[in-house]
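[1] Coordinates only, no sequence provided:
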C-alpha cells in the first residue's frame, strides 16, 4: 500500500546553516511530496523568520542545539506557536529535554533519511495538536475557576450588604443575568464593581 502524499498546501520551513546538508534535506522533503518548502540558513533570526513565513512545520537540522536557538524556539512557542522538528547529532538526555522544553515536538537523533522524515513531521504535528488541546482545556478550566470565584464573591457581597441567604443571593444574580441577557459571571463582575465604587 502506497504512503499517501502530504497536502501540497503544507508549508515547511527548513533551517540548516550547512548549505550542503540543507540541499540534501530539501531534496528528501521534495521526494516525500513536500513541495512547499522555504529553505534558510537563518538560525540567528529564527523567530522573525517564523513570524514572517508562517510555516505549518519548522524543521531544524544542526549538530547540537545551542542556548540561543533554544531561547528563540521558546519565543516561537509563546508568540507564534508552530510544530518544530529537530534533527541533531547530540543524543544527550539533558540536551533532548532542553529542546523539548523549548517547544521541539519531535527530536530526531542522527542524520535525516527518506524513511524518517515524514513520520517525524507527522509526529511533530500530532504532538503539537495534543499540546494545543491541553493548553486550550487548561485555559478553559482556568476561566471557569475565575468565573466561579467572581460569582462566589458577588454572592458574598450580596449576602453581607443585602442581608440575603446564599440561595437568595444566587437567585438574585441569576435573575439579573436573565433580565439583562448576560452571562452570570459578567453580572457578578458588575456587582463586585458596584460595591467597590460604593465603598
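    Yep, it's here. Bear in mind that the values here come from a model prediction, so they are computed numbers and not experimental data.
[2] can we go C-alpha only for contacts and neighbour counts from here?
    Noted.
[3] Show me the helices in the protein, by range?
    When assigned using DSSP state H, the helices of the chain occupy the ranges 19-31, 46-53, 67-79, 93-101, 114-161, 166-180, 184-198.
[4] Dump those helices to a markdown table, plus distance to residue 40, mean neighbour count and mean pLDDT.
    Output for these, formatted as a markdown table (distance: least, C-alpha to C-alpha, whole Å; neighbours: other C-alpha atoms under 10 Å; pLDDT from 0 to 100):
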| stretch | distance to residue 40 | mean neighbour count | mean pLDDT |
| --- | --- | --- | --- |
| helix 19-31 | 8 | 16 | 88 |
| helix 46-53 | 9 | 16 | 91 |
| helix 67-79 | 14 | 17 | 91 |
| helix 93-101 | 20 | 15 | 89 |
| helix 114-161 | 18 | 16 | 83 |
| helix 166-180 | 55 | 15 | 87 |
| helix 184-198 | 48 | 15 | 82 |
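[5] TSV for the ones you listed, including distance to residue 39?
    Written out in TSV, the entries for the helices of the chain read as follows (distance: least, C-alpha to C-alpha, whole Å):
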stretch	distance to residue 39
helix 19-31	8
helix 46-53	11
helix 67-79	17
helix 93-101	21
helix 114-161	16
helix 166-180	54
helix 184-198	48
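[6] Enumerate every residue touching residue 44.
    Shown here is residue 44, whose contacts under the criterion C-alpha atoms under 8 Å, 6 or more residues apart in numbering are 68, 69.
[7] pLDDT wise, what is it at?
    With respect to pLDDT, residue 44 scores 81.
[8] Could you report the distance from it to residue 193?
    Using C-alpha to C-alpha, to the nearest Å, residue 44 is found at 48 Å from residue 193.
[9] Next: residue 116.
    Between residue 116 and residue 193 the computed distance is 58 Å (C-alpha to C-alpha).
[10] can you check residue 62 too?
    The gap separating residue 62 from residue 193 is 55 Å, by C-alpha to C-alpha.
[11] Could you list the domains of the chain?
    According to the domain assignment given by automatic domain parsing, the chain is divided into the following structural domains: 11-112, 139-198.
[12] I'd like those domains as TSV, with distance to residue 120 appended.
    Converted to TSV, the domains of the chain look like this (distance: least, C-alpha to C-alpha, whole Å):
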stretch	distance to residue 120
domain 11-112	6
domain 139-198	28
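[13] Compare the ones you listed and give me the one nearest residue 131.
    With distances scored as C-alpha to C-alpha, the stretch of these nearest to residue 131 is domain 11-112 (9.2 Å).
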